[in-house]
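S.K.: sharing a model that was predicted from the sequence below.
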Amino acid sequence: MNVPAMQRLIAELRQSGISDENVLAAIAAVDRERFVSAPFAERAWDNTALPISFGQTISQPLVVAAMTEALRVGPRMKVCDVGDGSKGWPAQAPFDRIIVTAAAEERPQALIDQLAVGGILIVPVGRDPTSQVVERIVKSENGLQRDTLMPVRFVPLVTGALPVLGQG
């Protein structure tokens, strides 16, 4: 791991408004060099998206950090990181938090249905990559509150993959 480059990135994320120390520690702990091919290894800790295999990208660290911070994960929360946004994981629902790291064409109702009351869904939404935004959807007993967090460009959701379940 290129420690000076990682420290530079963490400083840049702080300057950009990321303040959750757990999020910053998680970003620092993941060796991005292991996920990019050799031609991009020198840029692994740059605050930019980089290509990986199968036409996918490793996301820009600022976007990952902002989305994760907006998720507001706390101890003992049930969190779902989505692999197939069209279905979610109904058998394991309800979830306290759901994060989607690929673009849905529209708000995924199946995932909203799988949120617990008080739950938060973070999801990039938009058909056209030039007009996608990250939305935070909070489910309450009275309905949904939606906030637009930032413009983004994400690859489309891949169907048929399994979600990753974890405890916060």
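M.R.: Structure's in. What do you need?
S.K.: and stretch 26-38, C-alpha only, in PDB?
M.R.: The C-alpha trace of stretch 26-38 is given here as PDB (Å, rounded to 0.1, in the frame of the first residue of the first chain):
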ATOM      1  CA  ALA A  26     -12.600   2.200   6.000                       C
ATOM      2  CA  ILE A  27     -11.400   4.100   2.900                       C
ATOM      3  CA  ALA A  28      -7.900   4.100   4.200                       C
ATOM      4  CA  ALA A  29      -8.000   0.400   5.100                       C
ATOM      5  CA  VAL A  30      -9.000  -0.800   1.600                       C
ATOM      6  CA  ASP A  31      -5.900  -1.100  -0.600                       C
ATOM      7  CA  ARG A  32      -7.200   0.200  -3.900                       C
ATOM      8  CA  GLU A  33      -4.000  -0.900  -5.700                       C
ATOM      9  CA  ARG A  34      -5.300  -4.500  -5.400                       C
ATOM     10  CA  PHE A  35      -8.400  -3.700  -7.500                       C
ATOM     11  CA  VAL A  36      -6.900  -1.900 -10.400                       C
ATOM     12  CA  SER A  37      -4.700  -3.300 -13.200                       C
ATOM     13  CA  ALA A  38      -1.000  -2.600 -13.400                       C
END
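S.K.: could you give the mean pLDDT of that stretch?
M.R.: Stretch 26-38 shows a mean pLDDT of 92.
S.K.: got the buried residues for it?
M.R.: Neighbour counts over stretch 26-38 (16 or more other Cβ atoms under 10 Å) mark Ile27, Ala28, Arg32, Glu33, Val36 as buried. C-betas here are computed from N, CA, C, even on glycine.
S.K.: looking at the residues you listed, which one is closest to Leu149?
M.R.: Nearest to Leu149, judged by Cβ to Cβ, of the buried residues of stretch 26-38 is Ile27 at 17.2 Å.
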